[in-house]
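Asker: what's the 3D shape of this:
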Amino acid sequence: MALRDRGVEIKSPEQILAMRRAGLVVGRTLELLRAAVRPGVSTGELDAIAEDAIRSAGATPSFLGYHGFPGSICTSVNDEVVHGIPGERVLLDGDLVSIDCGAIVDGWHGDAAVTVAVGTVSGDLLALMAVTEESLWRGIAAARISGRVTDISHAVETYVRASGGYGILEDYVGHGIGSRMHMPPNVPNVGRPGRGPRLVPGLALAVEPMVTLGTHETVLLEDDWTVVTTDGSRAAHYEHTFALTPDGVWVLTALDGGEARLAELGVPFGGR
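Answerer: Residues are numbered from 1 along each chain as shown. Sure thing, here's the model as predicted:
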């Protein structure tokens with residue numbers, strides 16, 4: 001099959017169920033972390049909460065040791081867009097922290113991210129968070145059987161562009177996911193529709209828009225992980241893992257499978 005020839009992994013229904021188990025671990029862990037975020041907590045403390053939650057669920061942190069990454073989650077604060085390393089940094093009132101989390105269950109991966117306000121934040125930051133999260137759902141809602149991967153990209157970009165003068169990262173993208181955390185195909189957050197691999201039942205993707213209040217340009221810090229905006233502007237990052245089934249879309253890292261939001265967007269729910 002051509003999709004497999006390009007390295008795109010098509011899952012069986014049983015394999016998607018295994019990914020759902022991993023996705024639930026991720027979703028529940030992110031809810032714990034969201035509740036734990038407050039002024040005075042360190043990113044290292046959040047990491048410890050995450051590792052305990054993942055391992056207590058019988059799963060393995062995807063990120064810990066991945067190409068040498070030292071944490072179980074990524075914690076990216078303010079102008080840090082993605083891949084921030086958890087440690088001694090203490091969160092302050094008015095900060096934004098993006099938390100990216102992955103877990104493995106029986107060899108199958110789940111991956112998701114949220115951005116959380118620390119204490120009281122300004123209105124422009126609340127708007128940034130809302131636009132980024134909604135663009136994620138608009139991207140997922142654009143995934144229809146027989147469509148193309150960049151239908152998702154176009155939907156993300158269209159929503160963000162219509163919402164104001166935000167920057168959308170182009171060098172960091174979503175990805176295929178399954179028996180490995182990062183697999184083909186890439187899922188950009190910008191682009192024309194109708195391009196890339198065809199969307200078919202059994203395909204699983206991680207969609208993750210990264211949006212800033214300023215430039216889309218970034219630089220990698222000396223730790224070789226943390227990505228920051230070149231102009232110091234704040235950033236937000238949201239992500240979900242979803243699968244296409246014969247019945248529709250199943251958001252594997254959403255606790256309700258995405259059923260409520262998909263219904264609002266008029267998209268068939270493909271879960272169980």
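Asker: where exactly do the helices run in this protein?
Answerer: Assigned by DSSP state H, the chain shows helices spanning 2-5, 13-36, 43-56, 123-141, 149-163, 259-264.
Asker: mean pLDDT lowest for which of these?
Answerer: Per-stretch mean pLDDT for the helices of the chain is lowest at helix 2-5 (a mean of 38).
Asker: which residues touch stretch 155-174?
Answerer: Applying CB atoms under 8 Å, 6 or more residues apart in numbering, the contact partners of stretch 155-174 are 81-82, 127-128, 131-132, 134-136, 138-139, 141-142, 152, 186-191, 193, 205-218, 227, 229, 233, 239. C-beta: built from backbone N, CA, C; applies to glycine.
Asker: hmm, I typed the wrong one, I wanted stretch 222-233.
Answerer: By CB under 8 Å, 6+ apart, the residues outside stretch 222-233 that reach it are 69, 76, 79-85, 167, 172, 212-215, 217-221, 235.
Asker: ok, now stretch 67-77?
Answerer: 33, 43, 46-47, 50-51, 54, 61, 63-64, 82-87, 89, 91, 95-101, 113, 225-227, 235, 237.
Asker: buried ones only from those residues, please, as a ChimeraX command.
Answerer: In ChimeraX, this line selects whichever of the contacts of stretch 67-77 come out buried by 16 or more other CB atoms under 10 Å:
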select :33,43,46,47,50,51,54,61,63,64,82,83,84,85,86,89,91,95,96,97,98,99,100,101,113,225,226,227,235,237
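Asker: in strands, which of the contacts of stretch 67-77 fall?
Answerer: P61, V82, L96, V97, S98, I99, D100, C101, A113, V227, A235, H237 (DSSP state E).
Asker: quick one: contacts for the last one?
Answerer: Looking back up the chat, that one is H237. The neighbours of H237, taking CB under 8 Å, 6+ apart as the test, are S76, V81, V82, S98, D100, A113, T115, T132, E208, P209, M210, V211.
Asker: and the residue nearest to it when sequence neighbours are not counted, what are its bridge partners?
Answerer: Leaving out its chain neighbours, the residue that sits closest to H237 by CB to CB, 6 or more residues apart in numbering is S98, at 4.0 Å. Legend: beta-bridge partners of S98 under DSSP bridges are S76, T115.
Asker: S98 touches V114, doesn't it?
Answerer: Yes - assessed by CB atoms under 8 Å, S98 is found in contact with V114 at 7.3 Å.
Asker: what's the closest non-adjacent residue to S122?
Answerer: Nearest one to S122, counting by CB to CB, 6+ apart, is G94 at 7.2 Å.
Asker: burial of that neighbour, as a residue count?
Answerer: 14 (other CB atoms under 10 Å).
Asker: pretty sure it contacts L126?
Answerer: No - if you go by CB under 8 Å, G94 and L126 don't touch, sitting 11.5 Å apart.
Asker: thinking again about what came up before, farthest-apart pair in the contacts of H237, please.
Answerer: Farthest apart among the contacts of H237 by CB to CB are D100 and V211. That separation is 14.6 Å.
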